[in-house]
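In: just a sequence and a predicted model for now, questions to come.
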Amino acid sequence: MNVLLIVIDTLRADHLGCYGYPLATSPNIDRLAAQGARFTHCFAPGIPTTPAHTTIYTGLHPISHNIVCHGGQVDLDRKIPVLPELLQQANYTTAAVDNLYDIKPWLARGYEFYINPSFRHKLRLLVSCEEINARAIPWLRQHKTESFFLFLHYWEPHAPYLPPQRYRMFYPPDKDPFSGPDTMERVRCQPIWGMFHDIWFKKLGPVRDVNYISSLYDAEIRHVDEGIGQLLDALAEENLEQNTLVILTGDHGESLTEHDIYFDHHGLYDQTIHVPLIMRHPQYIRPNMVISEMVQHLDIAPTILSAAGAEPPPHMEGRSFWQPLVENRPLQGWDRIISCENTWQSKWALRTRNHKLILARRPDRHGMPPLELYDLVQDPAESQNLADSHVNEAQTLQEELECWISQELARLNRTEDPILAQPISLGQKWDAWVRIGQEPQ
């Protein structure tokens with residue numbers, strides 16, 4: 001069996017057709033979902049990119065692997081094996097086409113072939129899906145007779161949203177984004193404006209409608225979807241389709257305008273932690289399967305290892321759902337997902353099927369209260385904070401979360417919450433802007 005693991009950066013589940021989105025952003029990903037299994041409730045326990053990929057690679061929760069920041073100061077313990085190393089030991093030829101090594105070196109461990117096409121770009125995340133495929137598809141053809149594990153990381157639809165013109169089809173044609181009321185004011189007061197003004201907003205021109213920017217996010221999804229279609233077509237052309245397990249997921253989602261977070265991926269709301277997960281193997285996975293149990297990133301590595309005939313190591317905390325999937329029987333999902341972030345803000349979240357509690361360790365720049373409680377059944381958009389009106393419920397979930405953190409730290413022989421022990425990473429830039437009076441305008 002071959003394994004093709006695709007991670008699409010910044011891809012929120014609810015903007016794909018197969019997850020109910022009404023716009024035609026993802027015909028090829030939808031086709032992949034129809035040919036295999038679609039997990040409706042997959043979540044990222046650590047965001048953004050570095051914590052998420054470290055979780056996918058190790059099968060460990062962020063509290064265990066200790067990578068809770070993007071661009072943070074802590075390195076992954078060299079004694080913790082990563083998925084490509086374990087597959088190498090199982091006699092797989094391992095390859096990656098990505099540039100995550102530029103962020104942290106352990107994200108390239110275990111690869112016999114590591115192909116980084118980003119050197120042509122000053123900004124690594126401007127690598128296009130065409131450039132990834134131009135390296136990945138020839139590699140597939142050259143190594144199709146070997147048992148391979150190939151990892152591909154696509155940067156679309158990460159900001160800046162600058163899709164080719166042919167994909168810019170999601171803004172109403174009868175509207176002019178450069179006239180009318182100015183709804184961009186809050187965008188100009190956030191780090192995204194300072195970080196990407198010259199290479200993004202300046203190129204777009206004097207946009208006044210914030211929804212136009214959101215439409216470009218959808219266009220970026222359509223762009224990468226076409227790249228996924230070309231990749232899947234190449235698998236079929238090389239007669240690899242029948243013996244290749246294809247797994248597609250996102251490392252995290254994206255907040256477009258929700259919760260005062262514009263075009264970025266912080267905040268432990270479902271827009272950011274709910275990601276797609278799709279698996280296809282024609283010989284083992286029935287088409288049109290829909291799995292509603294809650295799963296998470298740390299389940300991916302043990303599942304791949306089980307599929308490859310390699311026993312997941314006992315230290316992995318994720319659960320393999322390969323056998324239940326193959327045998328078409330219920331899998332053991334999670335009754336709660338615990339997520340964390342320490343990049344732009346420092347928070348924990350506990351999510352059940354029906355509720356979510358968000359607990360802040362430090363104040364954030366969006367003015368959110370230190371405790372948030374949401375009824376996900378009545379309020380899936382997480383717009384009404386119930387922490388003050390449902391005090392007992394909020395207290396019960398907070399105690400459960402704090403107890404879990406304490407128990408995990410004791411198990412790991414550590415004493416300090418990593419969200420407090422490690423300095424917030426990118427959030428320091430926002431703090432610096434405020435201190436010197438240069439918050440983006």
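Out: Perfect, thanks for sending it.
In: okay, now the nearest residue to T54 once chain neighbours are set aside: neighbour count?
Out: Closest residue to T54 in three dimensions, ignoring its sequence neighbours and counting by CB to CB, 6 or more residues apart in numbering: I67, at 4.3 Å. Quick note: C-beta positions are derived from backbone N, CA and C, even for glycine. Counted by other CB atoms under 10 Å, the residues lying close to I67 total 27.
In: wait, I67 sits on V74?
Out: Yes - with contact defined as CB atoms under 8 Å, I67 counts as touching V74 (6.3 Å).
In: overlap of the contact sets of these two?
Out: Counting by CB atoms under 8 Å, 6 or more residues apart in numbering, I67 and V74 have no contacts in common.
In: touching, L152 and L5? I think so.
Out: Yes - using CB under 8 Å, L152 is in contact with L5, at 7.3 Å.
In: direction included, what does the helix or strand where T40 lies pair up with?
Out: Assigned by DSSP states H and E, T40 falls within strand 37-43. Strands adjacent to strand 37-43 in the sheet, as given by DSSP bridges, are strand 274-280 (antiparallel), strand 289-296 (parallel).
In: any chance of these in TSV, plus mean pLDDT?
Out: Listed next are these as TSV, based on pLDDT from 0 to 100:
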stretch	mean pLDDT
strand 274-280	98
strand 289-296	97
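In: for T94, phi and psi?
Out: For T94, the backbone dihedrals are phi -110, psi 140 (criterion: degrees, to the nearest 10).
In: now do it against L86, distance only.
Out: According to CB to CB, to the nearest Å, T94 and L86 sit 10 Å apart.
In: shared neighbours of these two, anything?
Out: Common neighbours of T94 and L86, counting by CB under 8 Å, 6+ apart, are G110.
In: these two: which is more packed in?
Out: Each of T94 and L86 has its neighbours counted (other CB under 10 Å); L86 has more, 26 against 22.
In: helix/strand/coil for the more buried one?
Out: With DSSP: H, G, I helix; E, B strand; the rest coil as the basis, L86 sits in helix.
In: from what I see, it and M316 are in contact.
Out: No - the pair L86 and M316 does not pass the contact test of CB under 8 Å, sitting 9.4 Å apart.
In: shared neighbours of those two, anything?
Out: Any residue near both L86 and M316 by CB under 8 Å, 6+ apart counts here, and that gives A301.
In: now do the buried residues in stretch 412-423.
Out: Neighbour counts using 16 or more other CB atoms under 10 Å place 417-419, 422 of stretch 412-423 among the buried residues.
In: please identify which of those residues is nearest to I358.
Out: Ranked by distance to I358 (CB to CB), those are led by I419 at 12.4 Å.
In: tell me if that closest one really is in a strand.
Out: No - checked against three-state DSSP, I419 lies outside a strand; its state is helix.
In: could you check how far it is from R31?
Out: In terms of CB to CB, I419 sits 40 Å off from R31.
In: which one's the longest helix in this protein?
Out: Longest helix in the chain, counting residues (DSSP state H): helix 210-237.
In: distance between the following helix or strand past that one and the chain's centre?
Out: Helices and strands here follow DSSP H and E; after helix 210-237, the next one along the chain is strand 244-250. In terms of CA atoms, centre = their mean, to the nearest Å, the centre of strand 244-250 is found 13 Å from the chain centre.
In: mind giving me the packing neighbours of strand 244-250?
Out: strand 2-8, helix 27-34, helix 210-237, strand 274-280, helix 300-307 (3 or more CB pairs under 8 Å, 6 or more residues apart in numbering; DSSP states H and E).
In: closest one to R124 among these?
Out: Of all the helices and strands packed on strand 244-250, strand 2-8 sits nearest to R124, with 14.8 Å by CB to CB.
In: can you give me the angle the closest one makes with helix 300-307?
Out: Counting by axes from the mean of the first three to the mean of the last three CA atoms, to 10 degrees, strand 2-8 lies at 160 degrees to helix 300-307.
In: so M368 touches S346, yeah?
Out: No - the criterion here is CB under 8 Å, and M368 misses it with S346 at 11.9 Å.
In: quick check: the closest residue in space to G36 that isn't next to it in sequence vs Q323, distance?
Out: Closest residue to G36 apart from its sequence neighbours, by CB to CB, 6+ apart: R280 at 3.1 Å. Separation of R280 from Q323 (CB to CB): 17 Å.
In: quick one, which of those two is more surrounded?
Out: More crowded of R280 and Q323, by other CB under 10 Å: R280, with 25 against 12.
In: quickly list what that one is bridged to.
Out: V246.
In: that one is in contact with R38, isn't it?
Out: No - with contacts counted by CB under 8 Å, R280 stays clear of R38, the gap being 9.7 Å.
In: give me the mean pLDDT for stretch 254-263.
Out: Stretch 254-263 carries an average pLDDT of 96.
In: which residues touch V7?
Out: Contacts of V7 by CB under 8 Å, 6+ apart are 53, 56, 151-154, 248-251.
In: among these, who's most crowded?
Out: Sorting those by how many neighbours each has (other CB under 10 Å) puts Y154 first, at 30 neighbours.
In: burial measure for D431, as a count.
Out: For D431, the neighbour count with other CB under 10 Å is 12.
In: try T10
Out: T10 is flanked by 28 other residues according to other CB under 10 Å.
In: and for the one 5 residues further on?
Out: A count of neighbours around H15, defined by other CB under 10 Å, yields 23.
In: quick one, phi/psi of it?
Out: Torsion angles, degrees, to the nearest 10, at H15: phi -110, psi 20.
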